[in-house]
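Kindly return the folded structure for what I paste below:
(one chain, ligands or ions: 2)
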Amino acid sequence: KFTNSSRRWYSSPLCHYGLCIDVDGVLIKGSNIIPETKPALQFLNGRNSLNKKIPFILLTNGGGITEEKKAQQLSKMLDFPIKSCQIVLAHSPMKELVPIYYDAEILIVGGKNDNCRIVAENYGFKKVVLPSDILAWNPSIWPFSEVREDDLRWIRKRNFSNVKIEAVMVFHDSRNWGRDLQITLDVLRSKEGYVDTLASQSDLITRRIPLFFSNPDIIWSNDFPSPRLAQGSFRLALENLFEKTTGLKLKYELFGKPELVTYNYAQKMLVNYANELTGNHLLNRKIYAVGDNPRSDIVGANRYGWNSILVKTGVFQGEEIESQYSANHVADNILHAVKWMFHKE
Ligand code: G3P
Ligand code: MG
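Ligands and ions are numbered 1, 2, ... in the order given. Sure, this is the predicted structure:
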């Protein structure tokens, strides 16, 4: 007869599958924890009929802090240990841009204070400019916001007439849409990246400053009764402004769910973590994904050949959806989702 611990030892190497869990609208809503989250995490941690630990990572289109910080923040909030190797944030796969831009001046947009500069420098980018640095240099670039005394602690004021910005990366939600739309537009419309110059339409046809976004979501779910505008909405505003002011379409690259680049990255992270947890070096694990947003979590998982589970606790509330967004399974919440997966396996 197996004891609990021998059964755990015996059963965990047999776990041939893994799970990718979305955060907002699945585990939490703003600062509130969804009631089924804690029992679901315990279930994954071995409190199930086989005493089996089921490997999982968290894949979110949120971010704005380092993976280490997010792991600490969630561990504390959920009262459950989450390691940083279990965290994939919207901007995590943007590390892959470091070999191209590590030594170039890049404008990083979004997030609170200089948090996204810390993230970008942590990835290896060496010359990170924030919209606040530019505003502090010349406040008339956006006269409707002020630089607060307190912010001068982290702002890096320089003469931006001499700074050639070579790429723009939107890492997180803007905390000041007016300022960030204006400054991003200025850089994208500049001659060669000098923010106080303006390129002609023909210049822009031949040369563009590369632009990257970390999160395509138009909406997301927090503790407000209806969904909130996400980074994708900021992008729509920027696209419209760029088109109206230049007569040209905005060009950009996307990271985050449902983009393939993000799923490649997440798959590697999950397989590595699962191999470490189970001691079983499987290259091709069966992967399940739970999410609340059909247009990102479900489309992404389906495209990547994962098994998608849609929950009703966030953006999706159980309404009719078109077939391209439909999941392999619909569950009321995260606990029902993990139990369904477990019984299927
Ligand atoms: O800003 C975050 C949001 O767009 C989605 O986060 O965790 O639901 O992927 P998540
Ligand atoms: Mg979500």
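
and the residue of the chain found nearest ligand 2, how many neighbours?
Across the chain, the shortest distance to ligand 2 (Cβ to the ion) belongs to Gly25, at 3.7 Å. Heads up, the C-betas are built off the backbone N, CA and C, glycines and all. Neighbourhood size, Gly25 [other Cβ atoms under 10 Å]: 25.

Give me the pLDDT for it.
If you check Gly25, the pLDDT there is 97.

isn't it right up against Asn293?
Yes - Gly25 is within contact range of Asn293, at 6.8 Å (criterion: Cβ atoms under 8 Å).

Identify the contacts common to those two.
220-221, 314-315 (Cβ atoms under 8 Å, 6 or more residues apart in numbering).

Show me what from the stretch 51-200 of the chain comes close to ligand 1.
Residues of the stretch 51-200 of the chain lying close to ligand 1 (Cβ under 6 Å from any ligand atom) are 60-62, 173.

In helices, which of those fall?
Counting by DSSP state H, no part of those is found in helices.

Among those, which one is most surrounded by other residues?
Busiest of these [other Cβ under 10 Å] is Asn61, holding 30 neighbours.

was I right about that one contacting Ile219?
No - applying Cβ under 8 Å, one finds Asn61 not in contact with Ile219, separated by 10.9 Å.

who touches both of the two?
Joint contacts of Asn61 and Ile219 (Cβ under 8 Å, 6+ apart) are Ala230.

Skipping its backbone neighbours, what lies nearest the residue of the chain closest to ligand 2 in space?
Closest residue to Gly25 apart from its sequence neighbours, by Cβ to Cβ, 6 or more residues apart in numbering: Gly314 at 1.9 Å.

Could you say which helix or strand holds the one you found?
According to DSSP states H and E, Gly314 maps onto no helix or strand at all.

Repeat that for the one 4 residues further on.
Secondary structure from DSSP H and E places Gly318 outside every helix and strand.

any idea how far Lys191 is from it?
Distance of Gly318 to Lys191, computed by Cβ to Cβ, to the nearest Å: 52 Å.

what residues does the protein put near ligand 2?
Selection of the chain residues close to ligand 2 by Cβ under 5 Å from the ion yields 22, 24-25, 292-293.
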